[in-house]
Every structure is written in C-alpha cells, then in structure tokens.
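> let's see this in three dimensions:
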Amino acid sequence: MRRRQRRGGGKQLQGEISGIGGRGDGLLAPQPGMDGPVFVPLTVPGDEVRVQTTSRSASGTQSEILELLREGPDRVEPPCPHFGACGGCQLQHWKPKAQQDWKLARVEEAVSRAGFDPALVLPLESVGPATRRRAEFVAVQPAGKPVQIGFRRRSSHWVEVIETCMVLRPTLVEALPLLRGALDGLIEDRDGLRLHITEADNGLDIALSGGLKPGFETQDRLARTAETAGWARLTHDELPVAVREQPRLGLGKASVPLPQRAFLQPSEDGQTILQSLVLAAIPDEVGLVLDLFSGHGTFALPLAERGHRVGAYEGAAPAIAALEAAARDAGFSGLTATTRDLNAWPVSGPSLREAGAVVIDPPRPGAKAQCEALAQDGPGTVVAVSCNPSTFARDARILRDGGYELEWVEPLDQFLFTGHVELVARFFR
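Numbering: from 1, shown residues only. As a prediction, the model looks like this:
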C-alpha cells in the first residue's frame, strides 16, 4: 500500500508497529531522535511501515502511512466499505481475536497498575455487531450537492456519507436517507447540523442541533417526514418538531421517559450484561444501596425492583427527573434521586457510612474525589463500573490505599472495532 507524500509534511520514519495505543492507533517502534510514542493509524502489530509525521501533542507524535512494506500476521481485510475514511472504527483491519486479547490485556494492565493481581480479571464479554442503539451524525450540504449525512473523517471536517454500518442498529441507518431528503436545502450551519439518534423502545428519538432555514415550511416538512416514518420524537435545538409519543426505555418493571440526547448504554445486550454483574455483586440482604453517577437509573431501578432502598445521585437534572418519574410510576417508594455534581461535592461522611453497598459509574475522567471519600467512609461493598481503564487504575488504587480488596473484574466490549473497553469490578473490605 502506497500513499502520495504530503507536501510540506514532517519527518519520514520507517519501522515496525510494536503495539496498539489506547485509542486504537499503532505504535511505531522507538525511533532515534523522537521523544515519546509515534502513533500510526490503520496499522496492526507486526506491520512494517514508512510514515510521515503530521502533528505533535502532549501524548505523542501523529503520523500517516506512506507505504506499508510488510503486513503483520493478524492483519485482515476490513469488512466495511467505509473503513479508513469513516472516523467511527479504528480496528476493523485487525483480527477480532487479536482485538479481544488486546482489550483484555488493557484491563489486566490497569488492574496491575492499581496494585492488584491481574489474575482476578475474568474473560472478556462482548456484544455482537449491529447492536449499537445511539449515535451522533453530522449533516452538511455543499453547494450544488445533495445533503451528506455521516461521520467526520479522521482528523478532518469532511463527512463520510454512511450507507451501511456494521455496528449500528439497522433502524438508525435506515433513517438517514429520509433525513437527507427532509433536510435538502434547509441546512444553514456551515459547520454542519448535528443529528443525535437514539433507538428507544417505542421508536427513534432524533434531536437536531444547529442552523436550519427558519419558517413554517421547514417545520412542516420535517414534521411530515417524522410522521410518515413513525419516529417517536423529532426536535430541533431542544424544541419539539413532531412528537408521536414520549420516547421510553424499559428497565425491568420501570419505564423511563427519555430526555433529549439521553445517555444510555450503547447496546441493550451490553446493558443487560452490566446490570447482571452489578446485581450479582451486591448481596440480597443489603438494605441501602447508593448509585453514584446514576444517570436515568440503569442500575438504580433494577436494584429498587429487587427490594433494596436506593439513593441515586447524578449531575444531570434531566436524567434525575426521568429517574424520579420512572420510579414513581413503578411504585418504587424506597428510591430517592438527587441532582448533585459528585466531582465538586462527593457523597461522604454519614451518608456513605449508612449505606450497605455503593455502585459507582463515572464518565471517562473517572471519580477521583468520590473515590477518596469512599476510601475514607465507604461501605463493605463497592461495585465500580468504568469505561476507561486508565482512570479506573487511578481510582482503584485510591480504594486499595483505603483498605479495599478486589474480588473480581469483568471486562466488556460494547464498542466493537474501537479502542474502548468497559469493565465492572467488585471491591470489599
């Protein structure tokens, strides 16, 4: 494979790809005169490449392939026609088994950095293809051309038009041609229109944000499209365009009225796996369980249904409002929900000491302040859910220094063909 050299480009290097970085880019073997790692996208371990550096950041040097001189043993033909141009997947050219082994190793390394035995890491669980039920697209319309909807190309403002996708639920992809037709001539935002699409239990929830041509004709065309397609809800800049019914997500007995652009687990299968792990980690006899970074109740509602008293804390007010409504409708009187920024104001002191168990599911930056409070006053059982092995390692070290032991860690791959990996871990003291 050869690529035309970029004029005015950086330094040319040649070597073998020694591993894969956390974001899915290949790592070029150490080079004389280069400080830090050199990242090479679209490569696998064992590839020998000639590259050209393109940019530098705090994490290392970015580069692009000029020539693939030798293929690594686990390189395969990418199954998706958009791979390489689309910025969604990074690893389709790598054997699935090699990807899974690498993700498992990432979790084992994180556990080791936290000071625990990596043998406590269980085999990797994985969801199947075509299961992701939420995605954010970009829509643009160059002069004289049809509307283009897809994902940004890697390190570019260009949009790769998505006609098919191996990871998304088919209903999401099927909505794109309808949206292309409905948005023709209406996009006024030069940076593009954002389309956040979620598959709820009762239909698609589509939230548009960005500049649209104002007026009744725009609203009427979009509303007619939504009605014809049977979408549950279509909004623009948080204002309703067409609402057939409130989008809902079932969580056991409870039914959650989803806020716009709601954060939910990317796949139903992955959600089921995470819920089963969390429930299995908490003894039935525990009275009060605190669910920290609860969202709209992925864990809080099943715990309440099982009979626990639950105190849910979350920084996003719309998520707490949805959780409260779902709990009220389901008759879960033992569940309370509080809007609270846990990074600025972690739950601590008597509130922690009263609990029998804690579930903590922070975003990618982790929960340093909250884990410090847990190390001081936390209960006998802490169940940690993480989407970032690096911040998990830091937070788990804090718990270890506070006297917690690690019983097990279960990795989960919900983001096929990417560098992302999730995990659930049970701590006790």
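> all helices for the chain, in order.
With DSSP state H, the ranges of helices along the chain come out as 96-113, 170-182, 216-229, 268-281, 300-305, 317-330, 350-353, 368-377, 389-401.
> now the angle from the first one to helix 389-401?
Computed with axes from the mean of the first three to the mean of the last three Cα atoms, to 10 degrees, the direction of helix 96-113 lies at 30 degrees from that of helix 389-401.
> pLDDT score for Asp189?
pLDDT for Asp189: 87.
> please apply the same query to Arg4.
pLDDT, Arg4: 47.
> can you say which of the helices of the chain is nearest to Asn202?
Comparing the helices of the chain against Asn202 with Cβ to Cβ, the closest turns out to be helix 170-182 (11.9 Å). From N, CA and C alone the C-beta is placed, and that goes for glycine too.
> report the buried residues of the closest one.
Neighbour-count burial for helix 170-182 flags 172-173, 175-176, 179-180, 182 (criterion: 16 or more other Cβ atoms under 10 Å).
> which of those residues sits closest to Glu16?
When the buried residues of helix 170-182 are ranked by distance to Glu16 (Cβ to Cβ), Val173 comes first, at 37.3 Å.
> find the nearest non-adjacent residue to the closest one, please.
Cys165 (5.3 Å; Cβ to Cβ, 6 or more residues apart in numbering).
> quick check: that neighbour vs Gly115, distance?
From Cys165 across to Gly115, the span is 40 Å (Cβ to Cβ, to the nearest Å).
> give me the more crowded residue out of the two.
Between Cys165 and Gly115, counted using other Cβ atoms under 10 Å, the more crowded position is Cys165 (22 against 13).
> neighbours of Pro37, how many?
The local packing of Pro37 (other Cβ under 10 Å) involves 18 other residues.
> and if you look at the one 3 residues further on?
Burial of Val40 is recorded as 25 neighbouring residues (other Cβ under 10 Å).
> surely it and Gln52 touch.
No. Using Cβ atoms under 8 Å, Val40 makes no contact with Gln52, being 10.1 Å away.
> and for the two, which residues touch both?
Common neighbours of Val40 and Gln52, using Cβ atoms under 8 Å, 6 or more residues apart in numbering, are 63-64.
> who's in contact with Ile282?
When contacts are counted by Cβ under 8 Å, 6+ apart, Ile282 is found next to 289, 303, 308, 357, 359, 381, 383.
> go again with 6 Å.
Ala357 (Cβ atoms under 6 Å, 6 or more residues apart in numbering).
> and for Leu423?
The contact partners of Leu423, by Cβ under 6 Å, 6+ apart, come to 107, 386, 409, 411.
> TSV for those residues, including pLDDT, distance to Leu222 and neighbour count?
Output for the contacts of Leu423, formatted as TSV (pLDDT from 0 to 100; distance: Cβ to Cβ, whole Å; neighbours: other Cβ atoms under 10 Å):
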residue	pLDDT	distance to Leu222	neighbour count
Val107	98	44	25
Ser386	98	39	27
Val409	98	46	25
Pro411	98	42	26
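> dump those to JSON lines, plus distance to Leu277.
Output for the contacts of Leu423, formatted as JSON lines (distance: Cβ to Cβ, whole Å):
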{"residue": "Val107", "distance to Leu277": "14"}
{"residue": "Ser386", "distance to Leu277": "12"}
{"residue": "Val409", "distance to Leu277": "10"}
{"residue": "Pro411", "distance to Leu277": "11"}
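> can you get me a residue count around Leu258?
Neighbour count for Leu258, taken as other Cβ under 10 Å: 25.
> for the nearest residue to it once chain neighbours are set aside, the count of nearby residues, please.
Excluding its sequence neighbours, the residue lying closest to Leu258 (Cβ to Cβ, 6+ apart) is Pro247, at 4.5 Å. Per other Cβ under 10 Å, the neighbour tally for Pro247 reads 24.
> just for this protein, where's the confidence low?
Residues of the chain that meet the criterion pLDDT under 70 lie in 1-9.
> give me the domain ranges for it.
1-74, 98-128+264-428, 134-248 (automatic domain parsing).
> distance to Pro146 for the helices of the chain - can I get that in JSON lines?
Listed next are the helices of the chain as JSON lines, based on distance: least, Cβ to Cβ, whole Å:
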{"stretch": "helix 96-113", "distance to Pro146": "35"}
{"stretch": "helix 170-182", "distance to Pro146": "7"}
{"stretch": "helix 216-229", "distance to Pro146": "15"}
{"stretch": "helix 268-281", "distance to Pro146": "33"}
{"stretch": "helix 300-305", "distance to Pro146": "43"}
{"stretch": "helix 317-330", "distance to Pro146": "35"}
{"stretch": "helix 350-353", "distance to Pro146": "56"}
{"stretch": "helix 368-377", "distance to Pro146": "47"}
{"stretch": "helix 389-401", "distance to Pro146": "42"}
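> and those, which is most packed in?
Using mean count of other Cβ atoms under 10 Å, the stretch among the helices of the chain with the largest mean neighbour count is helix 300-305, at a mean of 26.
> what's across from Ala207 in the sheet?
Here Ala207 sits in beta bridges with His196, Thr235, as judged by DSSP bridges.
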